[in-house]
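>>> give me the fold of what follows.
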Amino acid sequence: MKKVLWVKFGWSDYYRGEPVDGNFSWLKGKKNSKTRGPGHEAFNFNPSPDGTFYCYVPPQNKKYTPSNNDPHGWTVICLAKNPKHKGIHIVGWYENATLHGEWLAPPDGVMRQRGESGSPGYDWSYCISSKTVHIIPPECRTRPFSDPTVRQGKYSFLAGPDVDTNDSKKRVLHLLEGRVKELAPLAVKNPNEQNLPNPELDAADPLKGFGTAEHRKKVEKAAERVAIAHYAKLGYTCERVTHLPCGYDFAFTKGKLTLHVEVKGTAGASPQFFLTRNEHRKGLQSNSSWRLAMVTSALSATPDINVYDAAELAKVFDLAPYVYIGTFVPVPGN
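From the prediction side, this is the model:
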């Protein structure tokens, strides 16, 4: 018999203990607190030393956790809302999971995870466990959905023993199973620091999660070739200016029109890019001729390119600081 339920909790990019976002009562006040943890779900996809993955689900009706008389072998589809946008995302799923029916402390040896302040001692709990999970990397969470039965609840059984599968549950089950099938090729099975690095946890190399320097350079060159070919087909001539601090890579000219194009590429199908301070200030913010050419699947036989001006870029992408640099400022007179 198919056993499926969905659970919903706070949003996190990697669920490695970093702060969790969400408009939930159990998260309010946690971000600025030195004595409270970042939210129990912060560790939902974090592997324990023995390879078990634990899952916290917030209480429904203030006290109840998911439970069933047949607690083993469940597929648990995990949902979360990115607070910056409308809609709900599938952030991953647990396979062949056990529903414990109560909140439990991590077993001895799993450790008390480090809290936001960086000091050990934050206790967290769980009510579901499994040896097999799949997480959707944050850059692949691009297709939110909405359903009234999901919007308010913390969890719901969709199929299984003693489950009353009504029309609304059938609708949600069909929706979620379809999305899981679409997302499966993008999911990371049993995430760890090797197959899903968290750049936030590596201050020495914040781009660690995006491949080696050699890989990034290969993607960059492939993306440039795609952009040059794209504009050549449109009748533009090309001047490379990557060696100049002008905020863009190429000047493409056609008649009296010149476009200043910054090229970004990714090996995956989901668009994501970094802008340097110079590209942001001299290009995006102040140059009306500036364009961003975003190349996805850059290393494949069928790369895709989309071009955005500043206004279009603001509508399609979130731009947020990713890395800050600290520069010593001497105090005058000292």
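
>>> just say helix, strand or coil for residue 161.
Look at residue 161: counting by DSSP: H, G, I helix; E, B strand; the rest coil, its state is coil.

>>> how near is it to residue 308?
Noted for residue 161: a distance of 50 Å to residue 308, by C-beta to C-beta, to the nearest Å. For every residue, glycine as well, the C-beta is placed using N, CA and C.

>>> these two: which has the busier surroundings?
When residue 161 and residue 308 are compared for neighbours, residue 308 comes out ahead with 19 against 11, by other C-beta atoms under 10 Å.

>>> ok, now which ones touch the more buried one?
If a contact means C-beta atoms under 8 Å, 6 or more residues apart in numbering, then residue 308 has 291, 292, 294, 316, 317 as its contacts.

>>> so which elements touch the strand ranked longest in the chain?
When the chain is parsed with DSSP state E, its longest strand is strand 89-104. Where contact means 3 or more C-beta pairs under 8 Å, 6 or more residues apart in numbering; DSSP states H and E, strand 89-104 is packed against strand 53-55, strand 74-80, strand 126-130, strand 132-135, helix 167-183.

>>> so what strands line up beside the second one?
This means strand 74-80. The pairing partners recorded for strand 74-80 under DSSP bridges are strand 4-8 (parallel), strand 89-104 (antiparallel).

>>> that one to helix 167-183, inter-axis angle?
Interaxial angle of strand 74-80 relative to helix 167-183 (axes from the mean of the first three to the mean of the last three C-alpha atoms, to 10 degrees): 80 degrees.

>>> check the offset of strand 74-80 from the chain's centre.
16 Å (C-alpha atoms, centre = their mean, to the nearest Å).

>>> show the residue spans covered by the helices in the stretch 151-300 of the chain.
167-183, 213-233, 277-278 (DSSP state H, counting those that start in this stretch).

>>> chain neighbours aside, what residue packs nearest to residue 171?
The shortest distance from residue 171 to any non-neighbouring residue, by C-beta to C-beta, 6 or more residues apart in numbering, is to residue 147 (7.5 Å).

>>> for residue 184, what are its contacts?
Contact analysis of residue 184 by C-beta under 8 Å, 6+ apart lists residue 134.

>>> that one and residue 137, how far apart?
Distance of residue 184 to residue 137, computed by C-beta to C-beta: 13 Å.

>>> out of the helices and strands packed on strand 89-104, nearest to residue 267?
Among the helices and strands packed on strand 89-104, the nearest to residue 267 by C-beta to C-beta is helix 167-183 (17.9 Å).

>>> for the closest one, buried residues please.
By 16 or more other C-beta atoms under 10 Å, the buried positions in helix 167-183 come out as 169, 172, 173, 176, 177, 179, 180, 183.

>>> next one: stretch 190-198
By 16+ other C-beta under 10 Å, the buried positions in stretch 190-198 come out as 190, 191, 196, 197, 198.

>>> now do stretch 293-313
293, 294, 295, 296, 297, 298, 299, 303, 305, 307, 308, 313.

>>> reformat these as CSV; add pLDDT.
Listed next are those as CSV, based on pLDDT from 0 to 100:
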residue, pLDDT
293, 97
294, 96
295, 95
296, 90
297, 87
298, 89
299, 88
303, 92
305, 96
307, 97
308, 96
313, 92
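
>>> farthest pair within those residues?
299 and 313 (23.5 Å).

>>> skipping its backbone neighbours, what lies nearest the residue nearest to the spatial centre of the chain in space?
Geometric centre of the chain, nearest residue: residue 138, 1.1 Å, by C-alpha atoms, centre = their mean. For residue 138, ignoring the flanking residues on the chain, the nearest one in space by C-beta to C-beta, 6+ apart is residue 13 at 4.1 Å.

>>> wasn't the one you found part of a helix?
No - Residue 13 is assigned coil when assessed by three-state DSSP, not a helix.

>>> does it touch residue 140 like I think?
No - Residue 13 is beyond contact range of residue 140, at 11.2 Å (criterion: C-beta atoms under 8 Å).

>>> quick one on the thing from earlier: can you tell me which of the strands paired with strand 74-80 is nearest to residue 20?
Residue 20 lies closest to strand 89-104 among these, at 11.3 Å (C-beta to C-beta).

>>> list the buried residues in that closest one.
Neighbour-count burial for strand 89-104 [16+ other C-beta under 10 Å]: 89, 90, 91, 92, 93, 94, 97, 98, 99, 100, 103.

>>> what pLDDT does residue 117 get?
Reported pLDDT at residue 117 in the predicted model: 40.

>>> before we move on, the earlier item: how close does the residue nearest to the centre of the chain sit to residue 225?
Shown here: residue 138 relative to residue 225, a distance of 28 Å by C-beta to C-beta.

>>> all strands for the stretch 201-334 of the chain, in order.
237-240, 250-254, 257-265, 290-296, 304-308 (DSSP state E, counting those that start in this stretch).

>>> nearest to residue 217, of those strands?
In terms of C-beta to C-beta, the element of these nearest to residue 217 is strand 257-265, at 10.5 Å.

>>> and the gap between the residue nearest to the centre of the chain and residue 198?
In terms of C-beta to C-beta, residue 138 sits 10 Å off from residue 198.

>>> now do the shared contacts for these two.
13, 14.

>>> kindly reformat the strands paired with strand 74-80 as CSV containing mean pLDDT.
Output for the strands paired with strand 74-80, formatted as CSV (pLDDT from 0 to 100):
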stretch, mean pLDDT
strand 4-8, 97
strand 89-104, 96
